[in-house]
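1. test case, fold it:
(2 chains)
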Amino acid sequence: MDLAKYRALFLEEATDHLSEMSQALLVLEKRPDASEAIDEAFRMAHSIKGMAGSLGYDSITELSHKLEDTMERFRAVGAVPAGESGLVLLFAGLEGLEKMVASVRAGDELAMADPGLLRRLEGVVDSGGRESPQATDRDPTRSVEPDPKKAETP
Amino acid sequence: MKRILIADDASFMRQMIRDIIEPEGYEVVGEASDGVEVIDQFLELRPDLVMMDIVMPKRSGIDAVKAIKVEDPGATVVMCSALGQEMLVMEAMEAGAKDFIVKPFKPDAVLTTLGKVLEKED
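-> As a prediction, the model looks like this:
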C-alpha cells in the first residue's frame, strides 16, 4: 500500500467530513429532530472510521466508532438532546476527531482517545440515546467492560 | 477481463479497491459515490459485478441492490461492509447480493471473494 498516497487522501476526505459533520451539528442545534442532519453526521463518522481503520489510526477509529454508535441511537430516538448527553457530547467528539486529524497532518504521534469522552459516549449508547445523567457521573477510574449483548452499529 | 463498478461515498475506499483489483486484471468501468449514482451507472455500463458500500448518501447500498435487482435479476453485487453491520449484510443478501467483504479491506480476501463470485456466475 502506498501509505503516503492514502494518508493524503485521508487528510483531504477526513477534513471535508469533519466540516460536514460540524455543519450537521449546527443544524441539529436549531432543529434537534432534523433527521437528514443526524443521518449526515452518522455517515461522516462512519466514513472516517472506515478510512482510519484502513490506515491503522486506532484512536481515530475508536472515537469515530463510538460517535457513530451514539448517533445511531439518536437516529433511533429521532432527535438529539441539547444537553451534556446530546449535542454537547457530539461537539466534544467532533473536537476530539479534529485534534487527532490535525496530529496526523502534523506528523505527530497519535494520542489515545480521551477515556472520559469515550465513557460518556458509551453511556448514551447504553441508555438507548435518551437523556442519561449517569453517563457523565460515572467514576472515571472504573473500567468499562464491553457488553457482548449490546447491539452493534448497523 | 471482468468489468467492475465500485460504489462508495469515500474516494479513499474507491481508490483502495481499485488499487487491489486492477493489478489482478479486473477493469474498473465506473465509480459511484451515492446510492442513486450507482443505479444509473449500472444501467448504463452493465458491469459484470458491483462492489457496493452499505452506508451511502441519497440511497443506501441495500436500497440500491434492490433497485438493481428489479432492473436486472441476474446482476452480481458484492457488499462492502464494516464490522458490526451483520444485520444489514443479511438484509442485502436477502435482497440479492451474492457475497460481502469487510472493511478494513484485506487484499487477499477481496480478490478471493471476487474470484469465487464471478466463477459461480460463469
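2. does the single nearest residue of chain B relative to chain A fall in a helix, a strand, or a coil region?
-> Closest approach between chain B and chain A, counting by CB to the nearest CB: residue B:84, at 3.4 Å. (Each C-beta comes from the backbone N, C-alpha and C, glycine too.) Here residue B:84 is coil, with the state taken from DSSP: H, G, I helix; E, B strand; the rest coil.
3. mind checking how far the longest helix belonging to chain B is from the chain centre?
-> For chain B, the longest helix by residue count, based on DSSP state H, is helix B:107-121. Centroid displacement of helix B:107-121 relative to its chain, using CA atoms, centre = their mean, to the nearest Å, is 12 Å.
4. which residues sit against that helix?
-> If you take CB atoms under 8 Å, 6 or more residues apart in numbering or on different chains as the criterion, helix B:107-121 is touched by B:2, B:4, B:17, B:20-21, B:24, B:26, B:48-49, B:76, B:78, B:98-102.
5. count the residues that sit near residue B:116.
-> Other residues within reach of residue B:116, judged by other CB atoms under 10 Å in any protein chain shown, total 13.
6. nope, residue A:20 is what I was after
-> Residue A:20 has 15 nearby residues by other CB under 10 Å.
7. could you say which helix or strand holds it?
-> For residue A:20, the enclosing helix or strand under DSSP states H and E is helix A:3-30.
8. CA atoms only for the next helix or strand after that helix, dumped as CSV, please.
-> Under the assignment DSSP H and E, the closest C-terminal helix or strand after helix A:3-30 is helix A:35-55. Extracted in CSV, the C-alpha atoms of helix A:35-55 (Å, rounded to 0.1, in the frame of the first residue of the first chain):
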residue,chain,number,x,y,z
SER,A,35,-33.3,13.6,10.6
GLU,A,36,-31.2,14.4,7.5
ALA,A,37,-28.6,16.1,9.7
ILE,A,38,-28.4,13.1,12.1
ASP,A,39,-28.0,10.9,9.0
GLU,A,40,-25.3,13.1,7.6
ALA,A,41,-23.3,13.3,10.9
PHE,A,42,-23.7,9.5,11.2
ARG,A,43,-22.4,8.9,7.7
MET,A,44,-19.4,11.2,8.2
ALA,A,45,-18.4,9.4,11.4
HIS,A,46,-18.8,6.0,9.7
SER,A,47,-16.7,7.1,6.7
ILE,A,48,-13.9,8.4,8.9
LYS,A,49,-14.0,5.2,10.9
GLY,A,50,-13.5,3.2,7.7
MET,A,51,-10.6,5.2,6.4
ALA,A,52,-8.8,5.4,9.8
GLY,A,53,-9.2,1.6,10.2
SER,A,54,-7.6,1.0,6.9
LEU,A,55,-4.6,3.1,7.9
